[in-house]
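Q: coordinates only, sequence not included:
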Ligand SMILES: Nc1ncnc2c1ncn2[C@@H]1O[C@H](COP(=O)(O)OP(=O)(O)OP(=O)(O)O)[C@@H](O)[C@H]1O
């Protein structure tokens, strides 16, 4: 990836600098400034429609795949604006991986779910070792080491989600984005994913969208609370904004904003 060496603080791996995002003429999110620290887990929380997923997708140019979606502002990753014309979005997505709400393994064996993407990305090392290492990091190895040739679909929902995490890790990204990764899972599978996240934190930076306040509290170092207000032109739509960003401890114990307090105590959203 090209470097244009914009200055960012040393431990900041990714930052949003005055980012506004629209779908056609509909402004979904505006004026977001946010710094994500390396090695942290950051939760994005807030009421439905305030733009959490839109912001998350902007962090690895996933929004490029949505027709009409446009972004103003700068997303700096490792000193480079990832929206610079010279930057290859495929390379961005290799370095900033993503796990989605619904587990979406490939219609292939457990082994191939991991080997496939690695091969496409030019991996030329020991594939068996990579598959094992990735499955171990995603806390799935013990459960599937004896059935690597079975279909990915033969796994439970929670196991499929960990397979998707393993698949993402195999490409060796620096950041993993997770869009409500546990919303389709039962509480036990959810806890297993959360344990996996704690392990992954040793090597990766994680940014997660979650509706589950307890989850944000359990897993994240930092929390960004998004809210939405009526569009100024009175079209009835709402635009999201970053209302408060602080340590998770602070957000959940003594938030600065009244709306944050109301949201985390279940008064709206
Ligand atoms: N592909 C799209 N085309 C048009 N508008 C969209 C699209 N995706 C999202 N939006 C709009 O952008 C705004 C923000 O949506 P987004 O999904 O980012 O919010 P969210 O906070 O993640 O919501 P939720 O918590 O319900 O998933 C909403 O008004 C939504 O209707």
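A: Happy to help now that I have it. These numbers come from a predicted model, not from an experiment. Numbering: from 1, shown residues only.

Q: which residues in this protein form strands?
A: Applying DSSP state E to the chain gives strands spanning 12-23, 26-37, 41-45, 69-77, 80-81, 96-99, 175-179, 205-209, 222-230, 238-247.

Q: List of residues touching the first one?
A: Spelled out, that is strand 12-23. Here strand 12-23 makes contact (C-beta atoms under 8 Å, 6 or more residues apart in numbering) with 8, 27-38, 51, 54-55, 58-59, 63, 66, 68-78, 96, 174-175, 205, 207. In this view, the C-beta of every residue, glycine as well, is placed from N, C-alpha and C.

Q: Distance from the chain centre to stretch 32-50, please.
A: Centroid separation between stretch 32-50 and its chain, computed with C-alpha atoms, centre = their mean, to the nearest Å, is 9 Å.

Q: ok, back up a step: pick the most buried one from the strands of the chain.
A: Stretch with highest mean neighbour count among the strands of the chain: strand 41-45 (a mean of 26; mean count of other C-beta atoms under 10 Å).

Q: Quick one: mean pLDDT over it.
A: What strand 41-45 shows for mean pLDDT is 98.

Q: Starting from that strand, tell me which strands it pairs with and how they run.
A: Its sheet considered, strand 41-45 pairs with strand 205-209 (parallel), strand 222-230 (parallel) by DSSP bridges.

Q: Looking at the ones you listed, which is nearest to residue 141?
A: strand 205-209 (20.1 Å; C-beta to C-beta).

Q: can you give me the angle that closest one makes with strand 12-23?
A: 30 degrees (axes from the mean of the first three to the mean of the last three C-alpha atoms, to 10 degrees).

Q: Rounded mean pLDDT for strand 205-209, please.
A: For strand 205-209, the mean per-residue pLDDT is 98.

Q: Distance from that strand to the middle of the chain?
A: 4 Å.

Q: picking up where we left off before, pipe the strands paired with strand 41-45 into a markdown table and attach distance to residue 167 per row.
A: What follows is these, written out as a markdown table (distance: least, C-beta to C-beta, whole Å):
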| stretch | distance to residue 167 |
| --- | --- |
| strand 205-209 | 16 |
| strand 222-230 | 26 |
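
Q: Any chance of those in TSV with distance to the ligand as columns?
A: Formatted as TSV, the strands paired with strand 41-45 follow (distance: least, C-beta to the nearest ligand atom, whole Å):
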stretch	distance to the ligand
strand 205-209	6
strand 222-230	6
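
Q: so which of these gets nearest residue 192?
A: Judged by C-beta to C-beta, the one of those that comes nearest to residue 192 is strand 205-209, at 15.1 Å.

Q: Need the contact partners of that closest one.
A: Residues from elsewhere that reach strand 205-209 (C-beta under 8 Å, 6+ apart): 13-14, 36-45, 52-53, 56, 59, 174-181, 197, 200, 216, 219-220.

Q: 7 Å - rerun?
A: Strand 205-209 is contacted from outside by 13, 36, 38-44, 52-53, 56, 59, 174-181, 197, 200, 219-220, using C-beta atoms under 7 Å, 6 or more residues apart in numbering.

Q: what about residue 79, neighbour count?
A: 13 (other C-beta atoms under 10 Å).

Q: Any regions of the stretch 1-150 of the chain where pLDDT drops low?
A: Scanning the stretch 1-150 of the chain for pLDDT under 70 picks out the ranges 1-9.
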